[in-house]
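Peer 1: Kindly generate the corresponding structure for this input.
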Amino acid sequence: MPPASQDNYESDLGAADGQVASFEDRHHTPLQRLQHFLHGNPAMVPVIILLLSVIVFGFVAGGRFFSLFNLSLIMQQVAIVGILACAQTLIILTAGIDLSVAAIMVLSYVIMGHMSVTYGWPTGLAVVAGLLVAMGCGAVNGLLVTRIKLPPFIVTLGTWRIFLAIVYLYTGSQSIRSQDIDAAAPLLKFFGERVSIGGAVFTYGVFLMLGIFALFWYILNRTAWGRHVYAVGDDREAADLAGIRTGRVLLSVYIVAGLICGIAAWAAIGRVGSVSPSSFFEANLNSITAVVIGGTSLFGGRGAILGSLFGALIVGVFSSGLKLAGADPQWELFAIGCLIILAVALDQWIRRVSV
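Peer 2: Predicted structure coming up:
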């Protein structure tokens with residue numbers, strides 16, 4: 001083919017390709033475009049739900065809802081569950097689930113409390129001991145999943161009960177009072193200290209939660225380890241073929257999740273003001289709720305860490321809004337249950353996006 005004809009042919013081919021692409025794009029409905037957008041930006045689902053929730057409850061509950069004090073109070077209330085949701089997100093991104101995060105946290109903060117108050121350890125050493133225990137619990141979960149090949153659901157269902165049993169056996173179901181902590185180890189309450197900014201009141205625990213999410217957003221989106229976490233959750237066999245040491249990645253995820261639970265334990269002492277073995281009994285389910293509402297797929301490999309933060313805030317907004325509106329507490333359970341079903345249905349719809 002002569003050069004001029006070749007150029008004309010390539011020009012015509014390029015034009016035809018452009019026409020086909022334009023033709024296909026024009027035939028995407030607005031709903032399909034939204035589906036593609038949400039598939040590429042999974043954190044936008046909880047953002048939209050959060051904004052709509054704030055607007056609706058602003059009208060329903062009146063001006064009290066929009067007060068800086070109330071909005072900052074919501075942040076305080078979700079801080080502990082938010083930190084646990086960060087740990088839960090890492091596990092769910094690998095197509096697993098962890099029913100033991102709250103039990104690990106409670107065991108860790110019991111260790112911190114008794115080491116410092118009962119045995120007189122320096123607060124710093126007691127906190128380190130609690131963090132190491134939490135990481136050890138995460139390692140137990142990870143080894144059972146990676147080495148013995150047990151399903152994460154079954155493993156963590158079992159260790160949840162084991163860790164709680166250890167808590168009750170170790171403490172004799174006895175709490176450590178706030179006054180005893182103040183006298184022996186006031187630093188344990190550090191993350192419960194309040195800071196006033198304008199009309200808003202925050203605890204250091206809120207800033208800790210935001211800092212943890214910022215850190216893990218960076219880790220998951222800007223480091224090789226973060227990319228490996230997504231790859232293992234998306235297709236473990238393909239990740240193996242690509243040379244990723246999937247067993248090591250999974251084990252590290254469970255250990256890091258345990259560390260986050262240990263950090264949540266320190267913040268929980270400040271939030272509650274005491275050390276009670278029976279606290280945070282529902283935090284396991286609440287952390288999963290925040291992750292699911294936050295748009296992270298239960299099938300693994302897809303989701304955004306910041307979505308879990310928005311998911312925790314959505315739960316807090318619903319709880320605060322319904323209380324200010326004078327609704328019966330059972331309506332909160334009903335609303336959150338509906339949100340969970342809606343979030344999973346949206347995830348299924350987004351996963352079916354046409355390429």
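Peer 1: just for the stretch 51-200 of the chain, where's the confidence low?
Peer 2: Counting by pLDDT under 70, the stretch 51-200 of the chain contains no low-confidence residues.
Peer 1: For R64, see how far away G326 is.
Peer 2: Separation of G326 from R64 (Cβ to Cβ, to the nearest Å): 11 Å. Every residue, glycine included, has its C-beta placed from N, CA and C.
Peer 1: And the two? Which one has more around it.
Peer 2: Between G326 and R64, R64 has the larger neighbour count (other Cβ atoms under 10 Å), namely 12 against 8.
Peer 1: Tell me if I'm right that that one and A325 touch.
Peer 2: No. In this structure, R64 is not within contact of A325 by Cβ atoms under 8 Å, at 9.8 Å.
Peer 1: got any residues that touch both of these two?
Peer 2: Counting by Cβ atoms under 8 Å, 6 or more residues apart in numbering, R64 and A325 have no contacts in common.
Peer 1: Surely L298 is in contact with A343?
Peer 2: No. L298 is not in contact with A343 according to Cβ under 8 Å; the separation is 9.8 Å.
Peer 1: what is in contact with these two at once?
Peer 2: Going by Cβ under 8 Å, 6+ apart, residues that sit against L298 and also against A343 are V292.
Peer 1: Looking at the two, which has the bigger crowd around it?
Peer 2: Set L298 next to A343 and count neighbours by other Cβ under 10 Å: A343 wins out with 24 against 17.
Peer 1: can you tell me how far N141 sits from L346?
Peer 2: From N141 across to L346, the span is 29 Å (Cβ to Cβ).
Peer 1: between those two, who's got more neighbours?
Peer 2: When neighbours are counted by other Cβ under 10 Å, N141 and L346 differ, and N141 comes out ahead with 31 against 18.
Peer 1: Find the nearest non-adjacent residue to the more buried one, please.
Peer 2: With sequence-adjacent residues excluded and distances taken as Cβ to Cβ, 6 or more residues apart in numbering, N141 is closest to Y254, at 4.8 Å.
Peer 1: what about the one you found, neighbour count?
Peer 2: Number of residues near Y254 (other Cβ under 10 Å) recorded here: 30.
Peer 1: do Q32 as well
Peer 2: Number of residues near Q32 (other Cβ under 10 Å) recorded here: 12.
Peer 1: Skip ahead from whichever strand or helix holds it and say which helix or strand is next.
Peer 2: In this assignment (DSSP states H and E), Q32 forms part of helix 30-40. The helix or strand immediately downstream of helix 30-40 is helix 44-61, counting by DSSP H and E.
Peer 1: residues in contact with that next one?
Peer 2: Contact with helix 44-61 is made by 37-38, 65-66, 293-295, 307, 310-311, 313-314, 317-318, 320-322, 324-325, 339, 343, 346, 350, as judged by Cβ under 8 Å, 6+ apart.
Peer 1: In ChimeraX, how would I select the buried members of those?
Peer 2: To isolate the buried ones among the contacts of helix 44-61 in ChimeraX, judged by 16 or more other Cβ atoms under 10 Å, type:
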select :38,65,293,294,295,307,310,311,313,314,317,318,320,321,322,324,339,343,346,350
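Peer 1: In helices, which of the contacts of helix 44-61 fall?
Peer 2: Per DSSP state H, helices hold the following members of those: 37-38, 293, 307, 310-311, 313-314, 317-318, 320-322, 324, 339, 343, 346, 350.
Peer 1: Would you point out which residue is most central in the chain?
Peer 2: Residue closest to the average C-alpha location in the chain (Cα atoms, centre = their mean): A85, at 2.5 Å.
Peer 1: Touching, that residue and I293? I think so.
Peer 2: No. Contact criterion Cβ under 8 Å: A85 and I293 do not qualify, at 9.6 Å.
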